[in-house]
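Asker: Fold the following for me, if possible:
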Amino acid sequence: MYILRIEHPVPDFDAWKNAFDSDPVGREKSGVRRYRVLRPTDDSHYVMIDLEFENLNQAEEMLANLRALWGRVQGTVMMNPQARIVEAVETKEY
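Answerer: Take a look at the predicted model:
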């Protein structure tokens, strides 16, 4: 499993969430199997998003599509995005 981890500040979480929910990059069609939205408990103006993919190529393509999108919306619903693709090598539940 490959995870595209995205982090960035948001000036207004509700506005950002509406934009995220509108799904301008077509997450499911792009191969996203699951996503998770996280917020630090001490900063309601920051989000972390994990997008899970079955293969690396899908994650890389999504990152390229997101970078194009970010160029158009930076400074409005989000700022200074950071992204990294990681591979899940072990998971255990208790």
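Asker: ok, now which ones touch the closest residue to Pro11 other than its chain neighbours?
Answerer: Excluding its sequence neighbours, the residue lying closest to Pro11 (Cβ to Cβ, 6 or more residues apart in numbering) is His45, at 6.7 Å. C-beta: built from backbone N, CA, C; applies to glycine. Counting by Cβ atoms under 8 Å, 6 or more residues apart in numbering, His45 touches Pro9, Val10, Pro11, Phe13.
Asker: Would you check how far apart His45 and Tyr35 are?
Answerer: When distance is defined by Cβ to Cβ, to the nearest Å, His45 is 20 Å away from Tyr35.
Asker: Likewise for Phe13?
Answerer: In this view, Phe13 and Tyr35 are 16 Å apart by Cβ to Cβ.
Asker: cool, Leu4 as well?
Answerer: According to Cβ to Cβ, Leu4 stands 9 Å off from Tyr35.
Asker: which residues are in contact with both of these two?
Answerer: Asp50, Leu51.
Asker: Which one's more surrounded, these two?
Answerer: Leu4 (21 against 15; other Cβ atoms under 10 Å).
Asker: Secondary structure element holding the more buried one?
Answerer: strand 2-9 (DSSP states H and E).
Asker: Let me know the angle separating the next helix or strand after that strand from strand 2-9.
Answerer: For strand 2-9, the succeeding helix or strand toward the C-terminus, using DSSP H and E, is helix 13-21. Here helix 13-21 runs at an angle of 150 degrees relative to strand 2-9 (axes from the mean of the first three to the mean of the last three Cα atoms, to 10 degrees).
Asker: Many thanks, I have nothing further to ask.
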